[in-house]
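Following is a predicted model, sequence given first.
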Amino acid sequence: MKYIFKLSGENYNLAKFELETLLNKKLKRNKDSVSIDLPLSTEQINKICNRSAMIQKCYTNNLKIWAAKSDKRFVARVPKKKPKQHPAMLKPKMARLLVNLTNAKKQILDPFCGTGSILIEAGILGLKPIGSDIDSKMIEYSKINTKQFKVKSELKQLDATQLETNFKNIEAIACDPPYGISSTLAGKKMQDLYPDFLTSANKILKKGSRLVMVRPHYLKLGVNKDWKKLGEFDWYMHKGLTRKILVLEKRSATSNAK
Ligand SMILES: C[S@@+](CC[C@H](N)C(=O)[O-])C[C@H]1O[C@@H](n2cnc3c(N)ncnc32)[C@H](O)[C@@H]1O
């Protein structure tokens, strides 16, 4: 069956990458849509559309079979509807996108969990959410917010540069580390925190697993040979901030040698 997907406009390549991850298939880009022949039922396609953050509409034979109910999809979980709020909270659409980009099937760790936005989207999608944060208050906020949405999460107060002291064999990581503006850097410099976090994350992830992280455009970040860079995408926020969404895969020892 041939399906045509209309995608959300913030960043077309990012939307296409999300769809490719959900379908486990490389796609060809049309002007503002993606068209593909898939041996999937309408029911299976509906499931993928409901999970996605970036699909807006899906057609088959000119017949609309799914359309995003933009006013209803994420509205129940926008920051102001959460019992505990913080200026650095992620919106649910972005949190859902980060979760999807990891390609996680069972569990996901957010080591900068803050108020739990990523944990909530992961839990709603049936993944086991694990959250950690250096700040005990944020752990409490995550606890209260996840409970509100009936999501059970494992939570731990921990420095994200020392994840190996508590975690191993993690399937996927998605996170939005602090920028030091509305969220604390807890005494560290951004230029140290991000690379030190990547080193620690590499120790606890399974080989071939993904890490998806957001950073502000003004922070330069090198990625060493322990990672394969699958993509990097811009998400414009306002004049002073474009978020960069980085998708990395932990290399295996053999792929390192190549
Ligand atoms: C941008 S906020 C995350 C917001 C979160 N995504 C949400 O939607 O609420 C960054 C978080 O990182 C935490 N943090 C700062 N330094 C940390 C560190 N070294 N290890 C772990 N967490 C840290 C802060 O306490 C803050 O909660």
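Alright, I've got the coordinates.

how long is stretch 37-55 from one end to the other?
This stretch, stretch 37-55, spans 17 Å end to end (CA to CA, to the nearest Å).

what's it in contact with?
By CB atoms under 8 Å, 6 or more residues apart in numbering, the surrounding residues in contact with stretch 37-55 are 1-3, 5-8, 10, 14-15, 18-19, 22-23, 25, 58, 60, 65-66, 68, 93-94, 96-97, 100, 125. Quick note: C-beta positions are derived from backbone N, CA and C, even for glycine.

Any part of stretch 126-143 near the ligand?
Yes: using CB under 6 Å from any ligand atom, stretch 126-143 comes into contact with the ligand via 133-135, 138.

Run through the residues that contact Thr199.
161, 226.

helix or strand for it, which one?
Taking DSSP states H and E as the criterion, Thr199 maps to helix 190-204.

Give the bridge partners for the nearest residue in space to Lys25 that is not next to it in sequence, please.
Take Lys25 and drop its neighbours on the chain: the residue closest to it by CB to CB, 6 or more residues apart in numbering is Ile36, 7.2 Å away. Beta-bridge partners for Ile36, by DSSP bridges, are Tyr3.

quick one: Ile36 and Phe74, what's the gap?
Taking CB to CB, to the nearest Å as the measure, Ile36 falls 25 Å from Phe74.

how about the strands of the stretch 1-150 of the chain, start to end?
2-7, 33-37, 55-60, 63-67, 107-110, 128-133 (DSSP state E, counting those that start in this stretch).

Can you say which of the ones you listed is nearest to Leu205?
Shortest separation from Leu205 across these is recorded for strand 107-110, at 8.7 Å, computed as CB to CB.

Nearest to the ligand within the protein, name that residue for me.
Residue of the chain nearest the ligand, by CB to the nearest ligand atom: Gly114 (2.7 Å).

need the contact list for the residue nearest to Lys25.
2-3, 5, 23, 25, 27-28.

And those residues, which of them are buried?
The neighbour-count criterion (16 or more other CB atoms under 10 Å) marks 3, 5, 23 among the contacts of Ile36 as buried.

The second one: what's it in contact with?
In this structure, Phe5 makes contact with 19, 33-36, 55, 57-58, judged by CB under 8 Å, 6+ apart.

How about Asp89, nearest residue that isn't a chain neighbour?
You called it Asp, but residue 89 is Met. Computed as CB to CB, 6+ apart, the closest residue to Met89 that is not its neighbour in sequence is Pro79, at 4.5 Å.
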